[in-house]
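Visitor: Sequence and predicted structure are below.
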Amino acid sequence: MLSSTSTLLKRGALIVGAGEGIGKSLVSAFKEEGYITGASRRTRGGLDFMDNNTLDHKYDGFDARSESQVRDMFSSFSSHCEGNIEVCVFNIGANINFPIMETTARKFQKCWEMACLSGFLVGREAATCMSSNNPSGKGGKGTIIFTGATASLRGGSGFSAFSVAKGGLRQLSQSMARELGPKGIHVAHVVVDGAVDSPFIREHFKDRIKSAPEHAIVNPDEIAGAYVYLTEQTNRGRSCWTHEMDLRPSIEKW
């Protein structure tokens, strides 16, 4: 854990799409590292499960597809950390599974809006905020992380909408990394290849979890630790940055 100095307490970490799995673990991990934490979720009251000792600023009822809402959230959170947002994680899932002939245009478009368009809006605003973070006056400073999935790399049967959205998000992250890296902003894409332990998974897949071997689902705290590691690369300098990282259980077939 980093020492809690007044300087560190002014650093902000914003988690967009904070559910009870990865999002909750990310908020806790970055708070432990001394960041002021902020988190958003689309459902009003959807962040009530968060520990008030780890989450400093809530943005529930937040629609990441809205350009104005994204700008307002960043403006608000920036004011709480004196303009120094150093970490932004885009963690919206939007996973849907429908046969192609049952995938309506509205379902396809909404999935793309949630997982790709909103990633662009959040990523652009994060880059704007981070562009003036460097106290030396030479470029920006910060880490933008996009949470990907197996569908980011290949289109599975029944996942046409989700695969297009996640594949697009991956391409967005690559483009941003190439553009922003030389300016001091570290952009990373993390492929989470496997089911993540959460209340939702344990409730809806009880039988599969009971019969699954040990270490079959991903521990969200371990994922959060990997994200913190990416930010540590940024803080050490610019000579060795990871762009894409994939995380999966040791027994996962890939």
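Guide: Happy to help now that I have it. Owing to the predicted nature of the structure, the values given are computational and were not obtained by experimental measurement. Numbers count the residues shown, from 1 in each chain.

Visitor: I'd like the distance between the spatially most distant residue from the centre of the chain and residue 115.
Guide: Computed with CA atoms, centre = their mean, the maximum C-alpha offset from the centroid of the chain is found at residue 101, amounting to 30.9 Å. Between residue 101 and residue 115 the distance is 22 Å, computed by CB to CB, to the nearest Å. (Glycine included, C-beta is placed from N, CA and C.)

Visitor: try residue 179
Guide: Counting by CB to CB, the gap from residue 179 to residue 115 is 21 Å.

Visitor: Who has more neighbours out of those two?
Guide: residue 115 (31 against 12; other CB atoms under 10 Å).

Visitor: Surely the more buried one touches residue 96?
Guide: No. Contact criterion CB atoms under 8 Å: residue 115 and residue 96 do not qualify, at 9.5 Å.

Visitor: anything in contact with each of these two?
Guide: Here residue 115 and residue 96 share the contacting residues residue 162, scored by CB atoms under 8 Å, 6 or more residues apart in numbering.

Visitor: As a check, name the ranges of all helices in the stretch 151-254 of the chain.
Guide: 160-180, 199-204, 206-211, 220-236 (DSSP state H, counting those that start in this stretch).

Visitor: Comparing the ones you listed, which comes out most buried?
Guide: helix 160-180 (a mean of 20; mean count of other CB atoms under 10 Å).

Visitor: quick one, strands of the protein?
Guide: For the chain, the strands defined by DSSP state E occupy 12-16, 36-41, 57-60, 85-90, 142-149, 185-192, 244-247.

Visitor: hang on, the earlier thing: run through the residues that contact the residue farthest from the centre of the chain.
Guide: Residue 101 neighbours (CB under 8 Å, 6+ apart): none.

Visitor: How much space separates it from residue 202?
Guide: Counting by CB to CB - residue 101 and residue 202 are separated by 32 Å.

Visitor: returning to that earlier point: would you reformat the helices of the stretch 151-254 of the chain as CSV and include mean pLDDT?
Guide: Formatted as CSV, the helices of the stretch 151-254 of the chain follow (pLDDT from 0 to 100):
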stretch, mean pLDDT
helix 160-180, 97
helix 199-204, 74
helix 206-211, 73
helix 220-236, 97
